[in-house]
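Participant: Below are the sequence and a predicted model; questions follow.
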Amino acid sequence: MSVDNDDLAALRQRIDGIDDQILELVSERARLAEEVARAKARRGEALKVYRPEREAEILRRLTEHNRGPLTREQVTVLFREVMSACRALQQPLTVAFLGPQGTFTEEAASKHFGHDAGMSPQATIGGVFREVESGAAHYGVVPVENSSEGVVSHTLDRFLDSELAIVGEVELRIHHALASHAGGLTSIDRVYSHQQGLSQCRAWLETHLPQAERHPVSSTAEAARLAALEPSAAAIASEAAAERYGVPLLQERIEDYHGNTTRFLVLGYQSPPPSGHDKTSLVVSSANRSGLLFQLLEPLARNGIDMTRIESRPARQRGVWEYVFFIDILGHAEDESLRGPLAEMRERASLFRILGSYPRAI
Ligand SMILES: C=C(O[C@@H]1C=C(C(=O)O)C=C[C@H]1O)C(=O)O
């Protein structure tokens, strides 16, 4: 054996030793998680196996302690999977998501809950809400806004007649690929995608596929499924969806904006306590008079509360030209700094509901 091979063998032996130690430690961690489950059951908290604030706290601490060479993202992925496995020992969770399999929402759900959660694809956003409302799923994941295309209004509207709370948020970088059996761009006569996918690649399509018809369909995964059946069609979808349906990639990363990110909400029946880095989502409305919005928001401005988003939507059942406002602010509703301003807002509003306080996306 050469000297090089000796070196390699010695290094691999050390890696084997470390893997044995990691296994030992991970097993010990899993046994402790089982003990936590028993402690929760004794305190009557058996239903709250998943604790978003605790998981967020663990991930924040570990990413702060991380000295490399692994990146923050890699450390987060590793430990999310460790926690996913530990959680599944306590109770297997079912997570409904906007399907079918291969959607970006599935990717977001797996990113958040890890691969040891049972994933239940639903055909519509309403279907995800219904699965959680009926108890068929413990949690749900739906898209709520995209950095270049704005709000997913159906998700916001659905909160107006649901008791569900927001228990978490997930941010996912969205990379779109063009997939087709056509062999080249010039043979493509139609492009399938979700409306959001078509919009997020609008400039690219105008430059590279001006001749092709755009066909919005129910999801990017459905687009990949259709493109698998029609040789002159293409799909704008994730690489994972293209692979799942066996459609070759013609071009990767065709999104118009480099930082293209979608934010998803985790739905459930739970109010996570403060984690230290939280966000609160509200829906508010008031009689339609001048200065309405200013009056509703004034307590936030006066107290220096950061507002990260505001959307207005028609109030529907409340009357024509009446609006409700969906507002996200930094902090937890139980934080001392938020209690006063929120109470003032509540007094000024005819509709005031906290949709949830939850750990900010990691
Ligand atoms: C172990 C617990 O239960 C779950 C699993 C966690 C983990 O593996 O660290 C953390 C939070 C919970 O989602 C806990 O609540 O501490």
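Facilitator: Now that the structure is in, tell me what you want to look at.

Participant: count of residues packed around the residue in the stretch 151-300 of the chain that the ligand sits nearest to?
Facilitator: Going by CB to the nearest ligand atom, the ligand is nearest to residue 272 of the stretch 151-300 of the chain, at 10.1 Å. (C-beta placed from N, C-alpha, C; glycine too.) Using other CB atoms under 10 Å, residue 272 has 24 neighbouring residues.

Participant: Pull the contacting residues for residue 223.
Facilitator: 192-194, 197, 217, 235-237, 241 (CB atoms under 8 Å, 6 or more residues apart in numbering).

Participant: Assign it to helix, strand or coil.
Facilitator: Secondary structure assignment for residue 223 (DSSP: H, G, I helix; E, B strand; the rest coil): helix.

Participant: Sheet partners, orientation included, of the lowest-mean-pLDDT helix or strand in the chain?
Facilitator: The helix or strand of the chain with the lowest confidence, counting by mean pLDDT, DSSP states H and E, is strand 150-151 at a mean of 84. Sheet partners assigned to strand 150-151 using DSSP bridges are listed as strand 139-146 (antiparallel).

Participant: circling back to that earlier point, export the contacts of residue 223 as TSV, with columns for neighbour count.
Facilitator: Listed next are these as TSV, based on neighbours: other CB atoms under 10 Å:
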residue	neighbour count
192	27
193	28
194	23
197	27
217	18
235	32
236	30
237	32
241	29
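
Participant: Widest-spaced pair of those?
Facilitator: 217 and 241 (12.0 Å; CB to CB).

Participant: for the stretch 51-200 of the chain, what spans make up the helices?
Facilitator: Assigned by DSSP state H, counting those that start in this stretch, the helices in the stretch 51-200 of the chain fall at 52-65, 72-90, 104-113, 125-133, 153-159, 195-200.

Participant: Now distance to the ligand and mean pLDDT too, for the ones you listed, in TSV please.
Facilitator: Listed next are those as TSV, based on distance: least, CB to the nearest ligand atom, whole Å; pLDDT from 0 to 100:
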stretch	distance to the ligand	mean pLDDT
helix 52-65	4	97
helix 72-90	3	96
helix 104-113	10	96
helix 125-133	17	97
helix 153-159	24	92
helix 195-200	31	93
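
Participant: before we move on, back to that, among the contacts of residue 223, which one sits closest to residue 107?
Facilitator: Nearest to residue 107, judged by CB to CB, of those is residue 241 at 9.3 Å.

Participant: about what we covered before: what's the most buried one of the helices of the stretch 51-200 of the chain?
Facilitator: With neighbours defined as mean count of other CB atoms under 10 Å, the helices of the stretch 51-200 of the chain peak in mean count at helix 104-113, which reaches a mean of 24.

Participant: follow-up on the earlier one: dump the helices of the stretch 51-200 of the chain into a markdown table; add distance to residue 281 as well.
Facilitator: Formatted as a markdown table, the helices of the stretch 51-200 of the chain follow (distance: least, CB to CB, whole Å):
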| stretch | distance to residue 281 |
| --- | --- |
| helix 52-65 | 14 |
| helix 72-90 | 23 |
| helix 104-113 | 16 |
| helix 125-133 | 15 |
| helix 153-159 | 9 |
| helix 195-200 | 21 |
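
Participant: and the longest helix that the chain contains, what other elements does it pack with?
Facilitator: Using DSSP state H, we find that the single longest helix of the chain is helix 3-42. Contacts defined by 3 or more CB pairs under 8 Å, 6 or more residues apart in numbering; DSSP states H and E place helix 3-42 against helix 72-90.

Participant: The helix it packs on vs helix 3-42, what angle?
Facilitator: 50 degrees (axes from the mean of the first three to the mean of the last three CA atoms, to 10 degrees).

Participant: what does helix 72-90 contact?
Facilitator: The set of residues external to helix 72-90 that reach it, using CB under 8 Å, 6+ apart, is 26, 29-30, 33-34, 36-37, 40, 49-50, 55, 58-59, 62-63, 66, 70, 93, 111-117, 362.

Participant: And the average pLDDT for stretch 272-284 is what?
Facilitator: For stretch 272-284, mean pLDDT is 96.

Participant: list the buried ones in it?
Facilitator: For stretch 272-284, the neighbour count (16 or more other CB atoms under 10 Å) marks 272, 274-275, 277-284 as buried.

Participant: May I see those residues arranged in CSV, with secondary structure as well?
Facilitator: Listed next are the buried residues of stretch 272-284 as CSV, based on three-state DSSP:
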residue, secondary structure
272, coil
274, coil
275, coil
277, coil
278, strand
279, strand
280, strand
281, strand
282, strand
283, strand
284, strand
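
Participant: ok so, going back, got the angle between the longest helix of the chain and helix 52-65?
Facilitator: When the same axes, to 10 degrees is applied, the directions of helix 3-42 and helix 52-65 differ by 150 degrees.

Participant: buried ones in helix 3-42?
Facilitator: By 16+ other CB under 10 Å, the buried positions in helix 3-42 come out as 30, 33, 36-37, 40.

Participant: same question, stretch 229-244
Facilitator: Of the residues in stretch 229-244, 230, 233-238, 240-244 count as buried by neighbour count, 16+ other CB under 10 Å.

Participant: go on, stretch 161-171?
Facilitator: Neighbour counts using 16+ other CB under 10 Å place 164-171 of stretch 161-171 among the buried residues.

Participant: How far off centre is it?
Facilitator: From the chain centre to the centre of stretch 161-171 is a distance of 10 Å (CA atoms, centre = their mean, to the nearest Å).

Participant: Near the residue nearest to residue 284 when sequence neighbours are not counted, how many other residues are there?
Facilitator: Leaving aside its sequence neighbours, residue 284 sits nearest to residue 349 (CB to CB, 6 or more residues apart in numbering; 4.6 Å). Close neighbours of residue 349, defined as other CB under 10 Å, add up to 20.
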